[in-house]
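Chemist: quick one, what's the 3D model for this:
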Amino acid sequence: MIKKFFYFFFFFSLILFKTSYANNGDFYIQPSLLFQNINANTGKYTGLNPKISLGFEKKFDNRLFLATELGISTSGITINDQQKYTCGYSRYYSSFNSNSTFDIAIFPGIVLDENTLLFLRLGAAGTYFPEFDGAAGGGEIGLGIQKKLSGAWELRLEYFHTDYNSIVDENNYIVGPEPKADNIAIGLMYTF
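Modeler: Below is the predicted model:
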């Protein structure tokens, strides 16, 4: 199922790129910092994780906004790592510090004024959890605001929730629970 989401968003991104490139859309790169809170029945992880995203954005009639983005985040600074005993999975303790996350998203939104955008985040993510030696895919939904600072620089603040499927190993065996992640991201975009 997660592969279908990735394929859909990838092809949607290509279509958006193809139809908007000649119509003054902007490519961007965005380093950001994620405050991440991952919960499951076997533990909880809270941390600050770096993320880098590449994307393309376009305004339509100065009222509507649409962007697509591909991002990767890595493990960062652990704030809290509560591990609980469990015997239902292959490990007796469960840290949810993710090693790497790849995501792809679209951002439909509205233009509030010439410098401010309000948007939804709809996406899919795949995350590797080293404690389980497995990965999980899931859907993302969120809300954010984007503010033009000056020239090619913009600031983005967003909240998004990721609802993962069960963590599976390379043989597609379930090796972990279904984590849920709440993320707050602040990023500095450079458009070109």
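Chemist: give me the pLDDT value at Asn23.
Modeler: pLDDT recorded at Asn23 is 55.
Chemist: ok, the helix or strand hosting Thr101: who's next to it in the sheet?
Modeler: With elements taken from DSSP states H and E, the one containing Thr101 is strand 100-113. Here strand 100-113 has these sheet partners by DSSP bridges: strand 64-74 (antiparallel), strand 116-129 (antiparallel).
Chemist: next, the distance between the ends of stretch 154-172.
Modeler: Chord length of stretch 154-172, first to last residue, is 41 Å (Cα to Cα, to the nearest Å).
Chemist: okay, the spatially most central residue of the chain: pLDDT?
Modeler: Nearest to the mean C-alpha position of the chain, by Cα atoms, centre = their mean, lies Asp103 at 5.0 Å. Listed pLDDT for Asp103 reads 94.
Chemist: cool, Ala40 as well?
Modeler: pLDDT at Ala40 comes out at 82.
Chemist: surely it touches Phe129?
Modeler: No. With contact defined as Cβ atoms under 8 Å, Ala40 does not reach Phe129; the gap is 9.7 Å. The way it works is simple: take the backbone N, C-alpha and C, and place the C-beta from them, glycine included.
Chemist: where do the strands sit along this protein?
Modeler: All strands of the chain, identified by DSSP state E, fall at 26-40, 43-60, 64-74, 77-83, 100-113, 116-129, 134-150, 153-164, 167-168, 174-176, 180-191.
Chemist: any idea which of those strands scores lowest on pLDDT?
Modeler: Across those, the lowest-scoring stretch is strand 77-83, with a mean of 77.
Chemist: tell me the angle it makes with strand 26-40.
Modeler: Angle, strand 77-83 to strand 26-40, by axes from the mean of the first three to the mean of the last three Cα atoms, to 10 degrees: 30 degrees.
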